[in-house]
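Undergrad: Provide a 3D model corresponding to the input given below.
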Amino acid sequence: MRGKITKRAVEALTPSADGAETVLWDSDIKGFGVRVQRGGVRSYVLHYRAGSGRGAPLRKLTIGRHGSPWTPETARREARRLLGAVAEGVDPAADRVARREAPTMADLAKRFLAEHVEAKRKASTAAEYRRLLEKAILPVLGPRKVADVARGEIAKLHNALRAAPYQANRVLAVMSKMFNLAERWGLRPDGSNPCRHIEKFGERKRERMLSASEMARLGEALASYDGSPFVVAAVKLLIFTGARLGEILGLRWEWLDLERGEARLPDSKSGAKTVHLPPPALAVLATLPRIEGNPYVIAGHRDGAPLVNLEKPWRKIRGLAGLDDVRLHDLRHAFASVAASSGMGLPIIGKILGHTQPATTARYAHLASDPVKAAAAAVAEKIASAMVGRTGNAGEAKAVDRTFDSGA
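TA: Coordinates of the predicted model:
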């Protein structure tokens, strides 16, 4: 039936006797109507053809249920707006379906992990990305449509993590990469990454160095530790090699060349790498049993598996040593700091540690000041002696000449 859609007309509308829906088509706007279904639910609808001519497909679009915000007046305005879009070649019904099926942030995360992280990143990196997604990102943004996420939402999430600035910045970096890929995959317009222009929090670099007395206490704690010998071996290897935790825990016997004092890792954070095994490290390896069927140097509790968690035993060991603020990664810093303060060149230190960028090693430059001062003092002393020798007696001068001739 047809007539003017008013509030009274809508509320008077009832289903047919057989329970089928009844539709009142508006007499002013073609295709605009209100239907009532079994149960008395009233909804505003719009029928239109997506294209020109009678052969164009007929679309049936539900504007919304009667009641706030949809009244005859607001529904009529929406019908006019939609018909105007149709006249310009837009298909609102198809757009609505596309939007309903548009990927959410949870969908993007799955694709990001499968096609980018797991395919192109190391397992440890993939595990960290997955942790950040599950713990920080998806609980907040998971249901949101990828195309709808705005900068304000990203800024709010980033700010909520401000108590842990390092993690907040890592979350921001992961989301930025995800949105860059979303643009590449056609899920957002180019240049629309909502992470742009969000300033990262300042991060205070934490480099805990160990003094000689602290090293002694750590040695005593390791000697008194009554847990697994593989735990003690892992900590000692970290100290004696400067290697990363994952490199030591993932070390396999087949990679060791004990005669050359080397462990050749086929892969690491910086690619293939040789970990040098000085005599103290070789002595540690000599005491370790090889577990049949387990290829790992630092064997874990499960058959054929490495030790996967050193944090819990480390907390006990550092507690025994009175070093509660020392992290496992600080052992790598300790190795580098001793090397630098002993006068070893930064390029050599970087080579031992497996740094790919000189700037990474440069953080230890200030520790090398004492050896540099000592070298400068030695040179200046020779120069001063030479100057005294030139103006003093001949015997003194000859002695200084011999010093310079010998390679001063």
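Undergrad: V231 is in what secondary structure piece?
TA: helix 229-241 (DSSP states H and E).
Undergrad: could you identify the helix or strand that succeeds that helix?
TA: helix 245-249.
Undergrad: other SSEs contacting that following helix?
TA: helix 229-241 (3 or more CB pairs under 8 Å, 6 or more residues apart in numbering; DSSP states H and E). All C-beta atoms are positioned from the backbone trio N, CA, C, and that covers glycine.
Undergrad: chain center to the helix it packs on: distance?
TA: Distance of helix 229-241 from its chain centroid, counting by CA atoms, centre = their mean, to the nearest Å, is 28 Å.
Undergrad: what residues does that helix touch?
TA: 218, 222, 225, 243, 245, 248-249, 251, 275-278, 280-281, 284-285, 287-289, 297-300, 307, 310, 313-314, 317, 328, 331-332, 334-335 (CB atoms under 8 Å, 6 or more residues apart in numbering).
Undergrad: give me the buried positions along it.
TA: F230, V231, V232, A233, A234, V235, K236, L237, L238, I239, F240, T241 (16 or more other CB atoms under 10 Å).
Undergrad: what's the pLDDT at the residue lying closest to R121 once chain neighbours are set aside?
TA: Distances taken as CB to CB, 6 or more residues apart in numbering place Y129 nearest to R121, at 7.2 Å, with adjacent residues excluded. The score at Y129 is 95. That number is its pLDDT.
Undergrad: let the chain start at 750 from now.
TA: Yep, numbering from 750; the last one is Y878 now.
Undergrad: ok so Y878 is a helix residue?
TA: Yes. With DSSP: H, G, I helix; E, B strand; the rest coil as the criterion, Y878 is part of a helix.
Undergrad: how far away is it from V920?
TA: Here the criterion is CB to CB, to the nearest Å. By it, Y878 lies 10 Å from V920.
Undergrad: before we move on, what about R1001?
TA: From R1001 to V920 the distance is 34 Å (CB to CB).
Undergrad: the more surrounded of these two?
TA: Shown here are R1001 and V920; by other CB atoms under 10 Å, V920 has more neighbours (23 against 15).
Undergrad: which residues sit in contact with the more buried one?
TA: V920 neighbours (CB under 8 Å, 6+ apart): L881, A885, I886, L906, H907, L910.
Undergrad: just say helix, strand or coil for it.
TA: Assignment for V920 (three-state DSSP): helix.
Undergrad: buried stuff in stretch 826-843?
TA: E827, A828, L831, L832, V835, D840, P841, A842.
Undergrad: of these, which belong to helices?
TA: The helices, defined by DSSP state H, take in E827, A828, L831, L832, V835, P841, A842 from the buried residues of stretch 826-843.
Undergrad: can you get me a residue count around V1128?
TA: 11.
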